[in-house]
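Participant: got a sequence here, can you build the structure:
(one chain, ligands or ions: 2)
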Amino acid sequence: MPVLVVTPGEPAGIGPDILLQTVATGQHPPLVAIADPDLMTQRAAMLGVKVRCEVIDDSFFEQPTHAPGYLPILPVTLETPVTPSQLNPANGAYVIRTLDKAIDLCLSGQASALVTGPVHKGVINDSGLAFTGHTEYLRDRSNTDDVVMMLATEGLRVALVTTHLPLKDVSGAITGDLLKRVTRILHHALIKDFGCPAPSILVTGLNPHAGEDGHLGREEIDIIQPALASLADEGIPTRGPLPADTLFQPHYLDTADAVLAMYHDQGLPVLKYKGFGNAVNITLGLPFIRTSVDHGTALDLAATGRADTGSLKVALDTAWSMATTREQTHA
Ligand SMILES: NC(=O)c1ccc[n+]([C@@H]2O[C@H](COP(=O)([O-])OP(=O)(O)OC[C@H]3O[C@@H](n4cnc5c(N)ncnc54)[C@H](O)[C@@H]3O)[C@@H](O)[C@H]2O)c1
Ligand SMILES: N[C@H](C(=O)O)[C@H](O)COP(=O)(O)O
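Facilitator: Ligands and ions are numbered 1, 2, ... in the order given. Sure thing, here's the model as predicted:
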């Protein structure tokens with residue numbers, strides 16, 4: 001039986017809450033939490049949810065059990081006690097240790113997929129650990145050259161050429177080589193994991209109106225068009241560069257499997273406007289499956305019981321679907 005490992009993320013945020021609330025429903029795939037057991041037990045009490053938290057060890061994966069309201073926990077101890085809603089840099093190392101344990105279990109094949117709760121990038125950096133996001137951390141920690149961030153909701157998938165970069169650095173980071181590597185990963189994943197035998201990929205431009213024939217920027221002419229032509233020559237057809245402001249409409253999207261946007265805030269606001277709370281973040285190109293929620297730590301809602309579990313449910317179900325499909329096809 002495939003088993004997912006779940007890292008609840010920032011302990012002062014809603015990550016522990018949404019996991020406990022989801023487990024309480026019993027409507028989720030088999031999973032193991034990697035977290036501090038006391039944190040989870042205390043948060044369950046604060047929320048008033050009935051979940052039986054049990055400390056397990058790695059041998060659990062040899063004979064996993066799954067039952068409604070049951071949360072097996074591989075223990076990782078907090079650095080310092082947590083007050084909900086209050087970030088504490090002292091626990092930055094805790095968050096990273098939960099991720100490291102999860103990555104090891106996925107790389108060893110004991111766990112079938114990783115599902116991550118939201119982390120607070122700022123407080124991890126404040127703790128003295130350089131961290132731009134899970135996507136980059138998982139790439140580096142698994143010695144993978146390139147990964148691609150893709151968010152998906154009903155009717156729309158958006159992948160990104162660049163991820164957590166300051167806007168001033170985006171143009172310089174977009175090279176023809178990067179664009180080709182990212183597009184190949186996206187194309188392969190759409191075929192392998194998302195049932196798109198001949199993927200239709202729309203590519204945005206970088207500049208307003210995709211550069212307006214060079215009058216509003218030259219990246220489209222100098223970098224994007226030649227890269228897309230080269231990809232077409234190797235059997236990866238795409239459509240673009242298209243103006244990002246007019247691309248997100250049925251005329252284009254109805255026949256597309258994914259949109260490839262040049263940078264974070266070009267693509268993700270559209271995706272989140274369409275599907276916030278019902279979307280999943282998937283890291284393509286890793287040696288294991290990883291999905292995540294579409295939202296952040298929502299410190300304002302921690303321990304209130306008002307956090308919506310919708311995106312975690314989509315993240316769990318997507319990871320499970322990918323894991324079972326790969327298991328059946330031995331991919
Ligand atoms: N997957 C991740 O690890 C991830 C994703 C996005 C943001 N973040 C991080 O989260 C931190 C806070 O980011 P932010 O404030 O921009 O975004 P946020 O998603 O934490 O909050 C934005 C708004 O949405 C609400 N919200 C978020 N999730 C909700 C849920 N499940 N149910 C109901 N309401 C919800 C919040 O209350 C808030 O009003 C940042 O450090 C950011 O980097 C992490
Ligand atoms: N870019 C993501 C989003 O907007 O949902 C988020 O920052 C999480 O990214 P990681 O999965 O790399 O932490």
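Participant: quick one: the residue of the chain most remote from its centre from Leu179, how far?
Facilitator: Distance from the C-alpha centroid of the chain, by C-alpha atoms, centre = their mean, peaks at His215 (36.0 Å). Going from His215 to Leu179 by C-beta to C-beta, to the nearest Å gives 22 Å. (C-beta placed from N, C-alpha, C; glycine too.)
Participant: do the same with Ala198
Facilitator: In terms of C-beta to C-beta, Ala198 sits 20 Å off from Leu179.
Participant: same check, this time on Ile221
Facilitator: Distance from Ile221 to Leu179, by C-beta to C-beta: 14 Å.
Participant: wait, doesn't Leu31 sit right on Val3?
Facilitator: Yes - counting by C-beta atoms under 8 Å, Leu31 does reach Val3; the two are 6.6 Å apart.
Participant: and the helix or strand harbouring Lys192, what does it pack onto?
Facilitator: Assessed by DSSP states H and E, Lys192 sits inside helix 176-194. On a contact count with 3 or more C-beta pairs under 8 Å, 6 or more residues apart in numbering; DSSP states H and E, helix 176-194 meets strand 148-153, strand 156-160, strand 201-204, helix 225-233, strand 258-261, strand 280-284, helix 310-329.
Participant: tabulate those in CSV, adding columns for mean neighbour count, mean pLDDT and distance to ligand 2.
Facilitator: Compiled in CSV, these are given as follows (neighbours: other C-beta atoms under 10 Å; pLDDT from 0 to 100; distance: least, C-beta to the nearest ligand atom, whole Å):
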stretch, mean neighbour count, mean pLDDT, distance to ligand 2
strand 148-153, 23, 98, 6
strand 156-160, 24, 98, 8
strand 201-204, 25, 98, 17
helix 225-233, 16, 98, 23
strand 258-261, 26, 98, 12
strand 280-284, 24, 98, 5
helix 310-329, 19, 94, 9
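Participant: any chance of JSON lines for the ones you listed, columns distance to Asp100?
Facilitator: Formatted as JSON lines, those follow (distance: least, C-beta to C-beta, whole Å):
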{"stretch": "strand 148-153", "distance to Asp100": "20"}
{"stretch": "strand 156-160", "distance to Asp100": "25"}
{"stretch": "strand 201-204", "distance to Asp100": "34"}
{"stretch": "helix 225-233", "distance to Asp100": "35"}
{"stretch": "strand 258-261", "distance to Asp100": "30"}
{"stretch": "strand 280-284", "distance to Asp100": "16"}
{"stretch": "helix 310-329", "distance to Asp100": "19"}
